[in-house]
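J.: Need a 3D model of the sequence below.
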Amino acid sequence: MRANFVLSGVASGMRRNVLMAVALVLTTAISLGFLGAALLTNRYITKYNNMWQSKLSIQVFLCMKHLPAVPDNAQNACQAKYTAAETDALRQALSTDPLVRSFTFINDEQAIKRATQALPKGQAALAGPNTFPASFAVKLRDIKTGYAPFLAKYNAFGGVRQVQNEDESLKSTLLIFGAVRLLSIVVALMIMVCAAILVAMTIQVAAAQRRVETNIMRLVGASRVMTQLPFMIEAIISAVIGGILALVLDAAGVALVLGRLFHGPVKNGLMPTLGVADVMTWGGLGVLVGIVLTALISWITLRLYVRL
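T.: Coordinates of the predicted model:
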């Protein structure tokens, strides 16, 4: 009987404050959506880092045409496109170098094909002739100690345009992901503050509207907890609905970014993906945090600002 009474009070309260309830649901959905996005970005950084750490190699790019030296390196100005003799000499040096574990030659056609697969959808036309150079992908026995002597030795070879450590590219990509994660956290915190204020205001307005009912409940022996419970349940229900919408938003964001914008790189194994389990786990964690905070804010508001 008590449960039926409490639930009827919850339904009545949400009908009376339907606009504020809708505003609370939407604000909660947006804030928890950004929080889930931050957690999912963090998960993606981990997967991306784990995926590429095992694939890191040194790229020895060859000359495509006459080009000036790479900044801060006067040795590798290209006078013309690399020759077969220069390629053979480089291959011979790599095959006998104690620093090198293995290497693979990527010719012009393969370089363009790889670039086409890696570029986002709609930008594949950028991968034309003389755009992406041929190269040697080299795996060192120890990339941390072997890169500096490798760089000094092979930058001086004829036909070499640039020696590049993919670890630096990986760090740059992770910095971008980290910036996205930080932005999501900042926006989530700002909107969650707004949601917290809205929760407190909603509870105070609802309590003022039902002051007569709660006074009668107190007079007939209802405890303070029983009079507070309907207001807390209303806020928690709004948070749950907002959390479900936040999960939908996060799933849609993952599908848009990884399923459409970066469909090619994900399909070709150049970028990892996030599955349903990732969205449910990390997005769900954000929803759980939101529900707990909503319950806590409701309780604090009722204790400090509402006399029932």
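J.: Check which helices and strands the longest helix along the chain is in contact with.
T.: Counting by DSSP state H, the longest helix found in the chain is helix 166-209. On a contact count with 3 or more C-beta pairs under 8 Å, 6 or more residues apart in numbering; DSSP states H and E, helix 166-209 meets helix 2-16, helix 18-53, helix 224-256, helix 284-304. Every residue, glycine included, has its C-beta placed from N, CA and C.
J.: I'd like these written out as JSON lines, with distance to P272 added.
T.: Below are those laid out as JSON lines (distance: least, C-beta to C-beta, whole Å):
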{"stretch": "helix 2-16", "distance to P272": "42"}
{"stretch": "helix 18-53", "distance to P272": "4"}
{"stretch": "helix 224-256", "distance to P272": "12"}
{"stretch": "helix 284-304", "distance to P272": "19"}
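J.: Flag whichever of the ones you listed has the least confidence on average.
T.: Looking at the helices and strands packed on helix 166-209, the lowest mean pLDDT belongs to helix 2-16 (a mean of 59).
J.: nearest residue to the residue nearest in space to the middle of the chain other than its sequence neighbours?
T.: Nearest to the mean C-alpha position of the chain, counting by C-alpha atoms, centre = their mean, stands T41 at 2.0 Å. Excluding the flanking residues, the one nearest T41 by C-beta to C-beta, 6 or more residues apart in numbering is R181, at 4.1 Å.
J.: unless I'm mixing things up, that neighbour is touching N42, no?
T.: Yes. Counting by C-beta atoms under 8 Å, R181 does reach N42; the two are 5.6 Å apart.
J.: quick one: which of these two has more around it?
T.: R181 (19 against 15; other C-beta atoms under 10 Å).
J.: what's near enough to touch the more buried one?
T.: A38, T41, N42, I45 (C-beta atoms under 8 Å, 6 or more residues apart in numbering).
J.: again, only using 6 Å
T.: A38, T41, N42 (C-beta atoms under 6 Å, 6 or more residues apart in numbering).
J.: Which single one of these is nearest to V240?
T.: Distance to V240 across the contacts of R181 (C-beta to C-beta) is lowest for A38, with 20.3 Å.
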